[in-house]
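*Asks:* Return a 3D structure for these sequence lines:
(one chain, ligands or ions: 1)
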Amino acid sequence: MTQLQTFQANSVAKTTSSATDTQKILAGRLFDPYKLQLLPSQTITVSKSTGLILTVGSTSENDTRTLVSDEIIDLRHLTILPGFVDAHVHFFLHSYGEASWDDQTTKESLVERTIRATVHARKTLMAGFTTVRDLGTEGAEDADISLRKCLSGPSPLIPGPRYFCANRAIVCTGSYGPKSSLHKNQDGVEGIVGAEIADGVDECIRATRRQIGAGADWIKIYAGESRLDTYTRTSACSVKPYELTLTSPDYRFRSRMDGISPGISGAPLPTFGESELQGMINTAHSLSIKVAAHACNANTIATLLKLGVDSIEHGSALIPHPESLMRLICATSSTIWVPTLAVSYYQVQLSGGKDPRANQAWKIVSEMFRHALAMGMDNIACGGDTGAFPHGENALEMKLMVRLGADWRKVLKWATLGGWECIRPMGWETSHDINGGGMPLGDNDHRFGCLRPGWAADLVGVKGDFEKDFEATVDTVHFVMKAGRIYKKDGKILHD
Ligand SMILES: [Zn+2]
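*Replies:* Model (predicted):
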């Protein structure tokens, strides 16, 4: 028996509970993300005290005969799925349709932003998203660590999803906002910086350690862009040399050239060098923390893959041969791609299609995604960059994937099991026993994203038929359970 199997067996054994502790859920159909199938008439037994699944199997006559019991939840009119996972949110941002990123970071206090984050957490859970990964507080300091405390444990203070967070994220000097209109040669405005600034290997290592010490589940790097002069050389990862005119939707180092030289203003320029990236990734990995990188061009992505980054955020590059980049990501199956289609799509909607930069960004990312589909790429997780658009509308990413031609079963997998394979703590990657020598397991230790014995009892029930109308069905979340606790039933919110 492998260590992983031993742990799984122990988990199941520990979840064996008395009859009063269990509740039975009768599912009309149940989605299995491993088999990519909807299984008919399944019964799921859940332990209320541990918040884990005890058994899953075909519904027996005995199950249906005892319907009078309070312990039985009859959801035979619904399709039950593992709770959805959004692998890229920002709880400390709200829709750019309400306020720009600059205004949010410079005009909304930390208190306001934190209160908003609690509302976002609730909306997210009620939309059926039982786990999220928050990739940076965007100037809200370390508030995510405190928010996680309030969302976690056997009696969470407020309703919200299982919450993995990346603390402040790491950027280099000069590259990130907010930028002062008065003090040009200064990072941030009135002491507010959008992420932690680090330059050089030593500072990068220090920032990584500091954020992990603060309690981060993940490290997020704004890896940004490569040097223009590197585009014509062959990368170490065998990406073909490109004749490139790249664009990036953000982090234009010389954005202050707007109006003087728009071409320079919009040009992608380097953030971190390879040794800095290596310092951050190696340091995080040595402390069992995984690393997500915002990266928008081929050479940066190639370097990150070589260095063993764990997830690529966005990954949209305007290149003549996008299939070679996708092949590279596809081949590194331990690195997950989070395409964040939704944020690009939303920016187009927000501008009414009149912003050429937004239009181009959407064109690029949708093309990249189509290439990924054509290649059969599967190391994908759903994450919308939710926060740039309204929280609670997280399913937009899934809808766009289907609109762009993805099989809906695959999309459901990427939004459930794919989320687990992306977000799971590093110990799971190497089958280490994360049981910690018999210590109790906490919220972020449990497996989620599939309904199997020993896994988290995080599940949603939807009404409708995915095959006939994917979008309406994914929007009709009637039932939400997280860790064995019901938060929504018959479409009505409980535990408000
Ligand atoms: Zn983001």
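*Asks:* roughly how far apart are K482 and the ion?
*Replies:* 23 Å (C-beta to the ion, to the nearest Å). For every residue, glycine as well, the C-beta is placed using N, CA and C.
*Asks:* Report the beta-bridge partners for that residue.
*Replies:* According to DSSP bridges, the residues that bridge with K482 are R485.
*Asks:* That one: how many residues sit nearby?
*Replies:* K482: 28 surrounding residues under other C-beta atoms under 10 Å.
*Asks:* quick one: buried residues of stretch 75-87?
*Replies:* Within stretch 75-87, the residues that count as buried by 16 or more other C-beta atoms under 10 Å are L75, R76, L78, T79, I80, L81, P82, G83, F84, V85, D86, A87.
*Asks:* Quick check: the two most widely separated of these?
*Replies:* R76 and A87 (31.0 Å; C-beta to C-beta).
*Asks:* any residues touching stretch 339-348, and which ones?
*Replies:* Residues outside stretch 339-348 that contact it (C-beta atoms under 8 Å, 6 or more residues apart in numbering): 88, 96-97, 249, 313-316, 355, 358-359, 361-362, 365-366, 368-369, 372, 380, 383-386, 388-389, 396-397, 400-401, 404.
*Asks:* In ChimeraX, how would I select just the buried ones from the residues you listed?
*Replies:* Only the buried entries of the contacts of stretch 339-348 go into this ChimeraX selection, using 16+ other C-beta under 10 Å:
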select :88,96,249,313,314,315,316,358,361,362,365,366,368,369,372,380,383,384,385,386,388,389,396,397,400,401,404
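*Asks:* Which ones among the contacts of stretch 339-348 lie within helices?
*Replies:* 358-359, 361-362, 365-366, 368-369, 372, 396-397, 400-401 (DSSP state H).
*Asks:* Make a markdown table from those residues and add distance to the ion to it.
*Replies:* Formatted as a markdown table, those follow (distance: C-beta to the ion, whole Å):
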| residue | distance to the ion |
| --- | --- |
| A358 | 16 |
| N359 | 20 |
| A361 | 13 |
| W362 | 16 |
| V365 | 13 |
| S366 | 18 |
| M368 | 17 |
| F369 | 17 |
| A372 | 19 |
| L396 | 14 |
| E397 | 12 |
| L400 | 16 |
| M401 | 18 |
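*Asks:* Using a markdown table, lay out these together with pLDDT.
*Replies:* Converted to a markdown table, these look like this (pLDDT from 0 to 100):
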| residue | pLDDT |
| --- | --- |
| A358 | 87 |
| N359 | 91 |
| A361 | 86 |
| W362 | 93 |
| V365 | 92 |
| S366 | 94 |
| M368 | 91 |
| F369 | 94 |
| A372 | 92 |
| L396 | 98 |
| E397 | 98 |
| L400 | 98 |
| M401 | 98 |
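*Asks:* and which of these is nearest S58?
*Replies:* Distance to S58 across the ones in helices among the contacts of stretch 339-348 (C-beta to C-beta) is lowest for M401, with 30.5 Å.
*Asks:* quick one: contacts for the residue nearest to the spatial centre of the chain?
*Replies:* Geometric centre of the chain, nearest residue: A87, 0.8 Å, by C-alpha atoms, centre = their mean. Listed by C-beta under 8 Å, 6+ apart, the contact partners of A87 are V132, R133, S311, I336, V338, A381, C382, G383, G418, G419, C422, I423.
*Asks:* cutoff 7 Å now
*Replies:* By C-beta atoms under 7 Å, 6 or more residues apart in numbering, the contact list for A87 reads R133, V338, A381, C382, G383, G419, C422, I423.
*Asks:* So for it, what's the nearest residue that isn't a sequence neighbour?
*Replies:* Closest residue in space to A87, ignoring its immediate chain neighbours: G383 at 3.5 Å, by C-beta to C-beta, 6 or more residues apart in numbering.
*Asks:* now the one you found: how far from K492?
*Replies:* G383 sits at a distance of 28 Å from K492 (criterion: C-beta to C-beta, to the nearest Å).
*Asks:* Also R116?
*Replies:* Going from R116 to K492 by C-beta to C-beta gives 24 Å.
*Asks:* With D199 instead?
*Replies:* According to C-beta to C-beta, D199 stands 52 Å off from K492.
*Asks:* where does the stretch 351-496 of the chain come near the ion, residue by residue?
*Replies:* By C-beta under 5 Å from the ion, the part of the stretch 351-496 of the chain that sits against the ion consists of D385.
*Asks:* Now do the strands in the stretch 351-496 of the chain.
*Replies:* 459-462, 477-482, 485-489, 492-493 (DSSP state E, counting those that start in this stretch).
*Asks:* just the stretch 1-150 of the chain next, same as before
*Replies:* Using DSSP E, counting those that start in this stretch, strands in the stretch 1-150 of the chain cover 22-32, 37-47, 53-58, 72-82, 84-89, 129-134.
*Asks:* quick one, which of those strands is nearest to T300?
*Replies:* Judging the strands of the stretch 1-150 of the chain by C-beta to C-beta, what sits closest to T300 is strand 84-89, at 17.4 Å.
*Asks:* ok, which stretches of the stretch 201-350 of the chain are strands?
*Replies:* Counting by DSSP E, counting those that start in this stretch, the strands of the stretch 201-350 of the chain are 218-224, 290-295, 311-314, 336-338.
*Asks:* outside of the last one, which residues touch it?
*Replies:* With contacts defined as C-beta under 7 Å, 6+ apart, strand 336-338 is touched by 87-88, 310-313, 315, 329, 379-381, 383, 421-422.
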